[in-house]
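S.K.: Okay, predicted coordinates and the sequence, questions at the end:
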Amino acid sequence: MNIVKESLQEDLWRDYQFFCKKADSHRHKQGPKANLLVCRYERTAVITLFTFFSAVLDSWRIRQGTAGSVVSLTAACQAFLEDCRKWSGKQADFSHLLAILGRYDQNRQALLETVSEESRCDIEKSMCAFLDFMEGQTDLRRFPEAASGTEGLMNHLIGSV
């Protein structure tokens, strides 16, 4: 039995894309209400993007058995980069992403107050570059295997009855 066909990460990514499209649909309209909606959807898109990124990193930390303590997004990325360097010997410069994550970790409100289409695209590009790099160097994936959803949980629950 599988209740959920998509993972949380896939659902959050689709939510992010939805909010980006909503912002874009209001961007060409004139007036204060349209501007308010563009800002609202851009901000919601960025919040969803950070939630997506956090969910991916959390799932990787769970998979590696390092999810016991709460760490910042910056610290989690640095740890993954260090592990990747040890495993593959490859390094990459993600200082721009780490700066973005540092701003988010330290003061989300300030980051969210200044969100624009340009900054949202920059954040997305930086996060995706990191995820692409990690997927290229490891067996970690941002989206779990299709249809893995809740099967493990359901099997565990059914087995314990």
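M.R.: Yep, that arrived. Here the structure is a predicted model, which means the values were calculated and not measured.
S.K.: so which strand or helix has Leu37?
M.R.: Element membership for Leu37, per DSSP states H and E: helix 32-64.
S.K.: Going by neighbour count, which residues of that helix are buried?
M.R.: Of the residues in helix 32-64, those with enough neighbours to count as buried (16 or more other CB atoms under 10 Å) are 37-39, 41-50, 52-61. To be clear about C-beta, it is placed using only N, CA and C from the backbone, and glycine gets the same treatment.
S.K.: try stretch 78-92
M.R.: Across stretch 78-92, burial judged by 16+ other CB under 10 Å covers Ala79, Phe80, Leu81, Asp83, Cys84, Ala92.
S.K.: Quick check: next helix or strand after the helix holding Leu37?
M.R.: With elements assigned by DSSP H and E, the helix or strand that comes after helix 32-64 is helix 73-88.
S.K.: Measure how far the next helix or strand after that following helix is from the centre of its chain, please.
M.R.: Taking DSSP H and E as the definition, the helix or strand that follows helix 73-88 towards the C-terminus is helix 95-106. Going by CA atoms, centre = their mean, to the nearest Å, the spacing between the C-alpha centre of helix 95-106 and its chain's C-alpha centre is 13 Å.
S.K.: got a list of contacts for helix 95-106?
M.R.: By CB atoms under 8 Å, 6 or more residues apart in numbering, the surrounding residues in contact with helix 95-106 are 50, 72-74, 77-78, 110-111, 122-123, 126-127, 129-130.
S.K.: Find the nearest non-adjacent residue to Arg14, please.
M.R.: Leaving aside its sequence neighbours, Arg14 sits nearest to Glu6 (CB to CB, 6 or more residues apart in numbering; 7.9 Å).
S.K.: Number of residues surrounding the one you found?
M.R.: By other CB atoms under 10 Å, the residues close to Glu6 number 16.
S.K.: rewinding a little: and which of the buried residues of stretch 78-92 is nearest Leu140?
M.R.: For the buried residues of stretch 78-92, the minimum distance to Leu140 (CB to CB) is 7.9 Å, reached by Phe80.
S.K.: what separates the closest one from Ser7, distance-wise?
M.R.: As defined by CB to CB, to the nearest Å, Phe80 lies at a distance of 19 Å from Ser7.
S.K.: got any ranges where this protein has weak pLDDT?
M.R.: Along the chain, the parts satisfying pLDDT under 70 run over 1-5, 146-161.
S.K.: try 90 this time
M.R.: Scanning the chain with the threshold set as pLDDT under 90 gives 1-6, 28, 30, 63-71, 86-91, 144-161.
S.K.: State the pair within the contacts of helix 95-106 that is farthest apart.
M.R.: Pairwise distances across these peak at 23.4 Å for Ala110 and Ala129 (criterion: CB to CB).
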